[in-house]
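K.L.:
sequence isn't available, so here's the structure alone:
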């Protein structure tokens, strides 16, 4: 690992199972992702391409999104009863 470069928000990547998804990116975003991949490889000493980084970046983004976390929380029995008694 290169100690002269500060650590990146996205740390070393775990091994995971994958599902292929096709996305369209702006040219500028593709360029930035490629630059990030190069910096990640330099920082952690493991060659990586931008396409491999995208799922990990999305996962990190969603893990930090408070609105998403609130929406994903299981509702308590009290909240479910309240929803049944409040008209739409």
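P.N.:
Structure received. Small disclaimer: the values here were computed from a predicted structure and weren't measured.

K.L.:
number of residues surrounding residue 40?
P.N.:
When neighbours are counted by other Cβ atoms under 10 Å, residue 40 registers 24. The way it works is simple: take the backbone N, C-alpha and C, and place the C-beta from them, glycine included.

K.L.:
by contact count, what packs against whichever strand or helix holds residue 55?
P.N.:
Using DSSP states H and E, the element containing residue 55 is helix 50-64. Applying 3 or more Cβ pairs under 8 Å, 6 or more residues apart in numbering; DSSP states H and E, one finds that helix 50-64 contacts helix 27-44.

K.L.:
give me the contacts around the helix holding residue 55.
P.N.:
Residues from elsewhere that reach helix 50-64, judged by Cβ atoms under 8 Å, 6 or more residues apart in numbering: 9-10, 13, 16, 18, 23, 30, 33-34, 36-37, 40, 68.

K.L.:
ok, now which ones touch residue 21?
P.N.:
Per Cβ under 8 Å, 6+ apart, neighbours of residue 21: none.

K.L.:
now do it, the pLDDT please.
P.N.:
We have a pLDDT of 87 for residue 21.

K.L.:
re earlier: just want the angle from the helix holding residue 55 to helix 27-44.
P.N.:
90 degrees (axes from the mean of the first three to the mean of the last three Cα atoms, to 10 degrees).
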